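In: Provided below for reference: sequence and predicted model.
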Amino acid sequence: MTFLSVPILTFLIFFPVVASLLILPFYKKPGTEGVVKWTALGITVIEFLVSLSLLIGNNPHLYQMQFVENHLWIPFGNIHYALGIDGISLVLVLMTTFLMPMTILTSWVGISKNLPLFMINLLVLEGAMIGVFCATDFVLFYVFWEAMLIPMYLIIGVWGGPNRIYAAIKFFLYTLAGSLLLLVAIIALYFVGGHTFDIARLSGQHYGMSFQILAFLAMFVAFAVKIPMFPFHTWLPDAHVEAPTAGSVILASIMLKMGAYGFLRFSLPMFPDASHFFAPMILTLSVIAIIWGAFMALAQEDMKKLIAYSSVSHMGVVTLGIFVANTQGIEGALMQMLNHGITTGALFLCIGVLYDRSHSRQLSEYGGLAKQMPVYSTLLVIFALSSLALPGTNSFVGEFLVLIGSFKTHAVVSSLATTGVILSAMYLLYLLSRVVWGVYTPKSYAMPDLRAYEWGSLIPLVVMVIVI
């Protein structure tokens, strides 16, 4: 399938990158902010509309990669420019293109410094993230994997909060350290797996147990940092607190999923024996993340930190589903990756709405918004109920499947993980009780309800919460 005579996956990867050059002439030109915003929004909307052709053209009855592109890129090393997607990639590509227009809208007012460069970074980041989900050559995958770090580092370090430099460097060092181990594993696979970087061929090889364990551990660190799993998570709260709202949405909704994607795409099919060997350890870490992340969320007064720690807890559900290694668990994990992207992204957008008005994220400074901002409060309640997996919302589907899958093989683990549902209700209802109800505070007084661009960023997410 092609679009404007360009193969569809190549178009989706490089269109936002190339189109971002349209914004460059407006750098340091006062009075052009509106043109920059609308141009960036238009690019992301076009990207989303084109990506829908993948959904239309996808054959769900095939397990092979579809929309395949394969060209020799670097003859030395037999490295190919190879792209393709299956059902796992399709979900994550569509989630990425769906959420990116929301990140543009949430920056409509919140970003004023170097706005053209900020939008360019968002667009370049979108292309790199889609490349990660589409690459079927390991070297190409690694190029996109590393390329994501640069724009996100700049988004945090240039447009973040007071401690942005510390948070950006910490984010960069953690992810880079994991990436170097990933590179070692990729090179080892090249020599052991038949001098190829083709992911499908490498997945079809059988490796000895010793090699599987070493390669699995190298990849595990890279993917555990990205998720992030306990105890590799400490960069995440700092990055979320300091990042602008758009950066927090991308981190929580898309970039965290790349670690889980790595487990699904590489660890389980390439190293099945090692995956089985390390499953008890990972299930234990997942349960710790679910419970500990929830308790940490309950202790926070900063709303962004609260949602950041909730991400640690909810991503523990995802890794739990992946490593119980049955149909319900893995399908539930993939479903929860999508649901977490929608719901947690929406919660960060809601926090951004308040921050744009009052420049505060402290729970103690809000109260009584149900009367002052009724539409906003309604949407916040919906997203919070979705996050705690209330039946009738999207997150219930994923969490229920994961718990069913885990209970079939690990009843004790599943029982412990179920406590995360109760704990998530505690910290989310605590958030609502402080912000939506209660008495007016000086910060809450005379705050306007949702503006038009905020409607545009939140209403599509509400629709997805209900439809899914």
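Out: Perfect, I can see it now. Numbers count the residues shown, from 1 in each chain.

In: Report how many residues lie close to residue 267.
Out: Residue 267 is surrounded by 23 other residues when neighbours are defined as other C-beta atoms under 10 Å. Backbone N, C-alpha and C define where each C-beta goes, glycine included.

In: you'd agree it is up against residue 275?
Out: Yes. Taking C-beta atoms under 8 Å as the definition, residue 267 is a contact partner of residue 275 at 5.7 Å.

In: Name the helix or strand for the closest residue to residue 51 other than its chain neighbours, please.
Out: Ranked by C-beta to C-beta, 6 or more residues apart in numbering and with sequence neighbours excluded, the top spatial neighbour of residue 51 is residue 97, at 4.1 Å. Assigned by DSSP states H and E, residue 97 belongs to helix 87-110.

In: and if you look at residue 42?
Out: In this structure, residue 42 sits in helix 33-57 according to DSSP H and E.

In: could you give the mean pLDDT of that helix?
Out: Mean pLDDT, helix 33-57: 91.

In: Which elements pack onto it?
Out: Counting contacts by 3 or more C-beta pairs under 8 Å, 6 or more residues apart in numbering; DSSP states H and E, the secondary-structure elements packed against helix 33-57 are helix 8-19, strand 66-74, helix 87-110, helix 115-134.

In: avg pLDDT for the last one?
Out: So the one you mean is helix 115-134. Along helix 115-134, the predicted local confidence has a mean pLDDT of 92.

In: name the helices or strands packed onto the next helix or strand after it?
Out: Scanning forward in sequence from helix 115-134 by DSSP H and E, the next helix or strand is helix 138-147. Under the contact criterion of 3+ C-beta pairs under 8 Å, 6+ apart, helix 138-147 touches strand 66-74, strand 79-85, helix 115-134, helix 164-192, helix 199-203.

In: so can I have CSV of those showing distance to residue 280 and mean neighbour count?
Out: Formatted as CSV, those follow (distance: least, C-beta to C-beta, whole Å; neighbours: other C-beta atoms under 10 Å):
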stretch, distance to residue 280, mean neighbour count
strand 66-74, 35, 15
strand 79-85, 32, 21
helix 115-134, 29, 25
helix 164-192, 22, 18
helix 199-203, 24, 17
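
In: circling back to that earlier point, next, show the common contact partners of residue 267 and residue 275.
Out: Residues touching both residue 267 and residue 275 by C-beta atoms under 8 Å, 6 or more residues apart in numbering: residue 216.

In: ok so, going back, mind giving me a markdown table with the helices and strands packed on helix 138-147 and columns for distance to residue 311?
Out: Formatted as a markdown table, these follow (distance: least, C-beta to C-beta, whole Å):
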| stretch | distance to residue 311 |
| --- | --- |
| strand 66-74 | 31 |
| strand 79-85 | 25 |
| helix 115-134 | 17 |
| helix 164-192 | 14 |
| helix 199-203 | 28 |
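
In: wait, which of those is closest to residue 105?
Out: With distances scored as C-beta to C-beta, the stretch of the helices and strands packed on helix 138-147 nearest to residue 105 is helix 115-134 (11.4 Å).

In: quick check, distance from that closest one to the centre of its chain.
Out: A distance of 13 Å separates the C-alpha centroid of helix 115-134 from that of its chain, computed with C-alpha atoms, centre = their mean, to the nearest Å.

In: what does stretch 159-167 give?
Out: The gap between the average C-alpha position of stretch 159-167 and the chain average comes to 20 Å, counting by C-alpha atoms, centre = their mean.

In: which residues sit against it?
Out: Contacts made with stretch 159-167 from outside it, assessed by C-beta under 8 Å, 6+ apart, are listed as 111, 113-114, 118, 156-158, 168, 235, 238-239, 241-244, 247.

In: and it, how far apart are its ends?
Out: Taking C-alpha to C-alpha, to the nearest Å as the measure, stretch 159-167 stretches 12 Å from start to finish.

In: pLDDT of that stretch, averaged?
Out: Throughout stretch 159-167, pLDDT has a mean value of 85.

In: Output the below-cut-off pLDDT ranges for the protein.
Out: In the predicted model, the chain carries pLDDT under 70 at residues 2-4, 440-446.

In: So for the chain, which residue is the most central one in space?
Out: Ranked by distance to the mean C-alpha position of the chain (C-alpha atoms, centre = their mean), the top residue is residue 254 at 2.0 Å.

In: re the thing from before, mind checking which of the contacts of stretch 159-167 are buried?
Out: If you count burial by 16 or more other C-beta atoms under 10 Å, the buried members of those come out as 111, 118, 156-158, 168, 235, 238-239, 241-244, 247.

In: Out of these, which is nearest to residue 259?
Out: If you rank these by distance to residue 259 using C-beta to C-beta, residue 235 comes first, at 12.5 Å.

In: I'd guessed that closest one sits against residue 174; true?
Out: Yes. Under the criterion of C-beta under 8 Å, residue 235 makes contact with residue 174 at 4.3 Å.

In: any residues in contact with both of those two?
Out: Both residue 235 and residue 174 are contacted by 225, 228, under the criterion C-beta under 8 Å, 6+ apart.

In: thinking again about what came up before, next, the residues that contact the helix holding residue 42 from outside, please.
Out: In this structure, residues lying in contact with helix 33-57 by C-beta under 8 Å, 6+ apart are 1, 3, 8, 11-12, 15-16, 19-20, 22-23, 26, 66-67, 85, 90, 93-94, 97-98, 100-101, 103-105, 107-108, 112, 115-116, 119, 122-123, 126.

In: just checking, next helix/strand downstream of the helix or strand hosting residue 307?
Out: Mapping residue 307 onto the secondary structure by DSSP H and E places it in helix 303-324. Once the chain leaves helix 303-324, the next helix or strand it forms, by DSSP H and E, is helix 327-358.

In: quick one: which of the helices and strands packed on helix 138-147 is nearest residue 410?
Out: If you check each of the helices and strands packed on helix 138-147 against residue 410 by C-beta to C-beta, helix 199-203 wins as the nearest, at 25.6 Å.

In: Could you give the separation of the closest one from the chain centroid?
Out: The chain centroid and the centroid of helix 199-203 are separated by 25 Å under C-alpha atoms, centre = their mean.

In: May I ask which helix or strand encompasses residue 450?
Out: Residue 450 is part of no helix or strand when elements are defined by DSSP H and E.

In: One more: residue 233?
Out: Using DSSP H and E, residue 233 falls outside every helix and strand.

In: OK, contacts around it?
Out: With contacts taken as C-beta under 8 Å, 6+ apart, residue 233 has the following neighbours: 227, 289, 293, 312.

In: before we move on, what about residue 356?
Out: Listed by C-beta under 8 Å, 6+ apart, the contact partners of residue 356 are 109-110.

In: Give me the distance between it and residue 110.
Out: In this view, residue 356 and residue 110 are 5 Å apart by C-beta to C-beta, to the nearest Å.

In: Likewise for residue 464?
Out: Applying C-beta to C-beta, one obtains 23 Å for the distance of residue 464 from residue 110.

In: So which of the helices and strands packed on helix 33-57 is nearest residue 372?
Out: Going through these one by one, with C-beta to C-beta as the measure, helix 87-110 comes closest at 18.7 Å.

In: Which member of the contacts of stretch 159-167 is positioned nearest residue 282?
Out: Sorting these by distance to residue 282 puts residue 235 at the head of the list, at 19.6 Å, by C-beta to C-beta.
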